[in-house]
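Novice: give me coordinates for this.
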Amino acid sequence: MGQEMNAPKIFREGSYAQKDLADFRRKNSGTEVIDIYDEQLDELFEILHPQLDPATSDETYERFLKSRQGAEKGSWVFFPWSKQLLHILNEADFLALRTNRNQYLITEEEQQKLQKYSVGVAGLSVGGSMAVALAYSAACGELRLADKDSFSTSNMNRVRIGIGDIGLPKLDVTMRQIYEANPYARIQGFADGITKDNVGQFIRGEKFILFEEVDDFEMKIRLRLEAQKQKIPLVMQTNLGDNILVDVERYDLEPSLKPFNGQVDKVVDDILKGGQITEEEKKRYAVQIVGIENVPTRALESVRDIGRTLVGRPQFYSTVAISGGLAAYIVRQVALGGNLPTGRYFYSLADIFKQPRLDLELNPKRRQILQALSRKPPIKKRYVQPPNLDSGRLFSVASHRDKIAHLLEYALLAPSTHNTQPWKVKIAENYCQIFVDHRRQLPAADRLKRDMYISLGAFLKNLEIAARAFRVYRHTDLTDQTGELVAEVHFVNLNRASEKDVDLRALQLIQTRSNYRGPFAPFPISDELRSFIAGLSHRQIKLHLVEERAKIEKLAELTAEGLKLAYNNPAFRREISSWINPNTSGKKAGIPGFALRMPTLTSHIVPKMIRFRDIGPKLAELNYRSFVSASAVVVLSAEKEEPQSWLAIGQAAQEIFLHLEPQGGAASIYVAAVEMGDLSQSVKETTEIRGKQKPQFLFCIGKPIWPKVYSPRESLKSKLIS
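Specialist: Numbers count the residues shown, from 1 in each chain. Below you'll find the predicted structure:
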C-alpha cells in the first residue's frame, strides 16, 4: 500500500490544547517556532472583504479577528526534516487563501471538482516537476507518487533540488517540497516504485489521472494495461531538448485503445509473454515510441552512447519545468470536461518564437544517425533513381512532331492520383492536344473527377515549363471542359531552338520531383516561399498556407478520419487494391509497393489484404504521424467545383512542388479530408477559408527523412491518339 512518508505532524484546529504543544516542544528540543498565523489572518480578511481596508474598517475587522483568534485557533504544523513548527490557518481557510488567485481562471465549482480527483505520478525526475506543479496549482485533491531511486548530482541539470538533497530518495524530496507548500496535502508515497504487486493499488478510483514517467520498459506496458483495465487516462511527457512530446492515451474514452497507440504492438506481446529484451533493444524501442522524427540530432547521438560514455538521457530543466505547467493544464482539461482527445502533441520552443527547428534539421550527421536507427525496410537502389531524360534529344530529331514528343516526356512525369496518369495526347505539327482519359477515373476515391483534373493540371504545367526551358512555348488554350479535350498547347521556333539556351535546371527539377511518403524533418518556411505561394492565388483559386502547429495537428486528425471513412467502404478498398502493384510487377500505372515502403513479399500480400480487410485505422495512424511532422500545409480552394478550377489548382500545386526541389523540400499529397464524408467543412473552418471558397486540394511541406522513390510511367506511345 501507499504510505504517508515524511508527512508533517499536524495539530489541527480544535483537536489540541496548549499543553499538547508544550509537551511536544519539550520532547523535540531544538525545534524552531515560526508563527505566521496573524499575517495569514490579515490576508484572509483582505480576500474575504476585498472592498474594505482593515485600517478603516475597525468594527468588521475586530469581529473577524474575534471569530478566529484564541489560544487554540489555527493549526500547528511540524516538519521533522527541518524541525520547524509553524502556526498557520486551518485547512479550509488555508485552501481558500492559497487558491484565491485562481478565481475567475477557475471557478469555485471547478476548484471543488478538481479536489475530487486523484493524480498518480510514476517516476519523479521529470514527474517530480509535474507533481510539485500540480500541488502548487491545487489541481487535484490527492497525489500518489512512486519512485524507488535517489537523487544524484547529475540530476540537478533538470530537477529543482538542493545540494543537501543529493543521495536522498526522490520520493522523500518531492513529498517534502509539496508539504512545505501545502502541509494539508494528501499524498500517498510508493517507496518501492511501481511493481507488479502494487500497480493495481497505485491505479484505482474513478476520478484518477496517471502521468507515466518511468524508465522501465516492462512497467510502462503494465501501467498502460492497468490503465486500460481501470479505464483511466494516461499521459506521458517526453522532454527532447527544447521540445516536449506529450502522449495522451484516453482509456477512459477509448477502452480498446492499444498501448502506445499501437506503435510497438509486437514488443508489448513479447514482453508480456516473458520475452527478454536487450539494452540495445530498449534504446531502439524508446526511440520508436517517441518517433524518430521527433528526436533532436544531439539526443539521437546520445541514444548510441547511453551505457557507454553517458549514464542517462540528456535533458534541460527549462523544458522539465514547462512539463509541470503542461501537467496542470492537462489535469484541468480532463477533470473539468475539456476536449482533450487521444493523440500526440508536440510542444516546441522554436515554434513559439517562430524560429527554425535547427535541432531537427536534416543535415548529413542526422541523416547518418537516422539511417543507422531506422527499422524501415531498405529501398533498392533502382527505386530511388530519378528519370534521366536526355535534353539533347530535342535537337537530334528533325520533325516538329518528334520535338513535341520529347517535350511530352517531361509532362508524363507529373503526379496523378494513385499514379493513374489520366491523360491522352494527340500531336500535330506545331501544337498538341491533351485529352482526359475517363477510363482512369476512380469512382469511389474521386467521385467528382476532381483529382483527375488536378492531375491533368500538373501535366499541363510540366509541359509548359519544359517548353519554356527550351524557349519554344507559345501559349495554351483551355477548352470549356464539356468534352474529352482539355487543352491545346502551342509551340514556336521548334526548328530554331538552341541547345545553349536550354534551362537545364528547370528540366532537372521536373525529373527529381516525387510525391514523398513518410515522416518529415523540419523545413524552414521562408518569407520568399510564403510570398511565392501567396502569389499563385488569383480570381479562380486561393492558396492558404498553414504553419500553426495546432492547425496542422487538426488537419492531420481530419485526414486520418477521412482515411478511416475511405477504407471502411468496400468499394474503395476494391478500387485502391487494384491500383497497388507488387514490386515485381511490370505495370507502369498504379502505385508500386516500393513507393509505399513495402518489401517485395509484403507488396504481394497487402493489395489482397486491403481488398478484404479494413486496415483504415492502422493506415490512419501511420499517415497521422507523417502528417504532423510537416512544417506547413497548403490548402487550395475554389468557389466552384468544376474542371476549370481543378486544372488551375493542379498547375499551382505543381509549381510549388517544383519550387521546393532546389531547397531540399518535398510535398506529401493528402486528399482524404477533402474527398471523404463531410470533413471538407471542418478543413475549411480549421484553415479559416472564408466566403464561398471550398477546400479542393491539400498537401504537406517538409524535408524528407527517407530517400524519395520514383514510380514508373506509361510510355508516350501508349498515350498517343493517332
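Novice: quick check: residue 71 touching residue 16?
Specialist: No. In this structure, residue 71 is not within contact of residue 16 by CB atoms under 8 Å, at 10.0 Å. From N, CA and C alone the C-beta is placed, and that goes for glycine too.
Novice: what about these two, which has more around it?
Specialist: More crowded of residue 71 and residue 16, by other CB atoms under 10 Å: residue 16, with 16 against 8.
Novice: and the more buried one, that's in a strand?
Specialist: No. Checked against DSSP: H, G, I helix; E, B strand; the rest coil, residue 16 lies outside a strand; its state is coil.
Novice: is it true that it touches residue 74?
Specialist: No. With contact defined as CB under 8 Å, residue 16 does not reach residue 74; the gap is 10.3 Å.
Novice: which parts of the stretch 51-200 of the chain are strands?
Specialist: Taking DSSP state E, counting those that start in this stretch as the criterion, the stretch 51-200 of the chain carries its strands at 75-79, 84-88, 118-122, 142-146, 186-190.
Novice: can you pull out the strands in the stretch 551-700 of the chain?
Specialist: 580-581, 591-592, 632-638, 666-669, 694-704.
Novice: and the angle for the last one with strand 632-638?
Specialist: Computed with axes from the mean of the first three to the mean of the last three CA atoms, to 10 degrees, the direction of strand 694-704 lies at 160 degrees from that of strand 632-638.
Novice: so which elements touch strand 694-704?
Specialist: In terms of contacts (3 or more CB pairs under 8 Å, 6 or more residues apart in numbering; DSSP states H and E), strand 694-704 is packed against helix 450-469, strand 520-521, strand 632-638, helix 643-660, strand 666-669, helix 672-675, helix 679-687.
Novice: now do the helices in the stretch 401-550 of the chain.
Specialist: Along the stretch 401-550 of the chain, the segments classed as helices by DSSP state H, counting those that start in this stretch run 450-469, 504-512, 527-534, 549-567.
Novice: looking at those, which is nearest to residue 166?
Specialist: helix 549-567 (38.1 Å; CB to CB).
Novice: same for the closest one, what does it pack against?
Specialist: strand 343-348, helix 570-577, helix 616-628, strand 632-638, helix 672-675, helix 679-687.
Novice: same thing but 10 Å
Specialist: strand 343-348, strand 541-546, helix 570-577, helix 616-628, strand 632-638, helix 672-675, helix 679-687, strand 694-704 (3 or more CB pairs under 10 Å, 6 or more residues apart in numbering; DSSP states H and E).
Novice: looking at those, which is closest to residue 659?
Specialist: The nearest among those, by CB to CB, is strand 694-704 at 10.3 Å.
Novice: got the angle for that closest one vs helix 450-469?
Specialist: Going by the same axes, to 10 degrees, strand 694-704 makes 60 degrees with helix 450-469.
Novice: relative to strand 694-704, what are the paired strands and their orientations?
Specialist: Strand 694-704 has its sheet partners listed here by DSSP bridges as strand 520-521 (antiparallel), strand 632-638 (antiparallel), strand 666-669 (antiparallel).
Novice: rebuild those as TSV, extending it with mean pLDDT.
Specialist: Output for the strands paired with strand 694-704, formatted as TSV (pLDDT from 0 to 100):
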stretch	mean pLDDT
strand 520-521	84
strand 632-638	96
strand 666-669	96
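Novice: figure out which of those strands is closest to residue 535.
Specialist: Closest among the strands paired with strand 694-704, once you apply CB to CB, is strand 632-638, at 13.1 Å.
Novice: where does the stretch 351-500 of the chain dip in pLDDT?
Specialist: Flagging of the stretch 351-500 of the chain using pLDDT under 70 yields the residue ranges 368-379.
Novice: all strands for it, in order.
Specialist: Along the stretch 351-500 of the chain, counting by DSSP E, counting those that start in this stretch, strands occupy 423-427, 431-436, 473-478, 485-491.
Novice: any chance of the strands of the stretch 551-700 of the chain in JSON lines, with distance to residue 51 too?
Specialist: As requested, these are exported to JSON lines (distance: least, CB to CB, whole Å):
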{"stretch": "strand 580-581", "distance to residue 51": "73"}
{"stretch": "strand 591-592", "distance to residue 51": "71"}
{"stretch": "strand 632-638", "distance to residue 51": "52"}
{"stretch": "strand 666-669", "distance to residue 51": "60"}
{"stretch": "strand 694-704", "distance to residue 51": "53"}
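Novice: got those as a markdown table, with distance to residue 331 and mean neighbour count columns?
Specialist: Output for the strands of the stretch 551-700 of the chain, formatted as a markdown table (distance: least, CB to CB, whole Å; neighbours: other CB atoms under 10 Å):
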| stretch | distance to residue 331 | mean neighbour count |
| --- | --- | --- |
| strand 580-581 | 45 | 22 |
| strand 591-592 | 45 | 22 |
| strand 632-638 | 31 | 24 |
| strand 666-669 | 35 | 23 |
| strand 694-704 | 32 | 25 |
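Novice: so which of those strands is nearest residue 645?
Specialist: Using CB to CB, the strands of the stretch 551-700 of the chain put strand 632-638 closest to residue 645, at 3.7 Å.
Novice: between the closest one and helix 679-687, how many degrees?
Specialist: Using the same axes, to 10 degrees: strand 632-638 against helix 679-687 is 120 degrees.
Novice: now the strands of the stretch 51-200 of the chain in a markdown table, with distance to residue 407, mean neighbour count and mean pLDDT?
Specialist: Below are those laid out as a markdown table (distance: least, CB to CB, whole Å; neighbours: other CB atoms under 10 Å; pLDDT from 0 to 100):
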| stretch | distance to residue 407 | mean neighbour count | mean pLDDT |
| --- | --- | --- | --- |
| strand 75-79 | 84 | 22 | 95 |
| strand 84-88 | 85 | 19 | 95 |
| strand 118-122 | 64 | 26 | 96 |
| strand 142-146 | 69 | 24 | 96 |
| strand 186-190 | 72 | 20 | 95 |
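Novice: who wins for proximity to residue 252 among these?
Specialist: Smallest distance to residue 252 across the strands of the stretch 51-200 of the chain (CB to CB): 13.5 Å, for strand 118-122.
Novice: so which other helices or strands are in contact with that closest one?
Specialist: When contacts are defined as 3+ CB pairs under 10 Å, 6+ apart, strand 118-122 sits against helix 126-136, strand 142-146, strand 186-190, helix 199-202, strand 208-212, helix 217-230, strand 233-240, helix 317-335.
Novice: make CSV out of the strands of the stretch 351-500 of the chain and add mean neighbour count and distance to residue 415.
Specialist: Formatted as CSV, the strands of the stretch 351-500 of the chain follow (neighbours: other CB atoms under 10 Å; distance: least, CB to CB, whole Å):
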stretch, mean neighbour count, distance to residue 415
strand 423-427, 20, 12
strand 431-436, 21, 16
strand 473-478, 15, 19
strand 485-491, 20, 16
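Novice: of these, which is nearest residue 324?
Specialist: Here strand 423-427 is closest among the strands of the stretch 351-500 of the chain (CB to CB), at 57.3 Å.
Novice: roughly how far is the closest one from the heart of the chain?
Specialist: A distance of 43 Å separates the centroid of the chain from that of strand 423-427, by CA atoms, centre = their mean, to the nearest Å.
Novice: would you list the strands of the stretch 351-500 of the chain in JSON lines and tack on distance to residue 564?
Specialist: Converted to JSON lines, those look like this (distance: least, CB to CB, whole Å):
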{"stretch": "strand 423-427", "distance to residue 564": "31"}
{"stretch": "strand 431-436", "distance to residue 564": "30"}
{"stretch": "strand 473-478", "distance to residue 564": "37"}
{"stretch": "strand 485-491", "distance to residue 564": "33"}
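Novice: closest to residue 701 out of the ones you listed?
Specialist: Closest to residue 701 of those is strand 423-427 (CB to CB; 25.9 Å).
Novice: alpha carbons only: can I get that closest one in PDB?
Specialist: Written as PDB, here are the backbone C-alpha positions of strand 423-427 (Å, rounded to 0.1, in the frame of the first residue of the first chain):
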ATOM      1  CA  TRP A 423      -4.200  11.700 -69.900                       C
ATOM      2  CA  LYS A 424      -4.200  11.100 -73.700                       C
ATOM      3  CA  VAL A 425      -2.300  13.100 -76.300                       C
ATOM      4  CA  LYS A 426      -2.600  14.000 -80.000                       C
ATOM      5  CA  ILE A 427       0.400  15.600 -81.600                       C
END
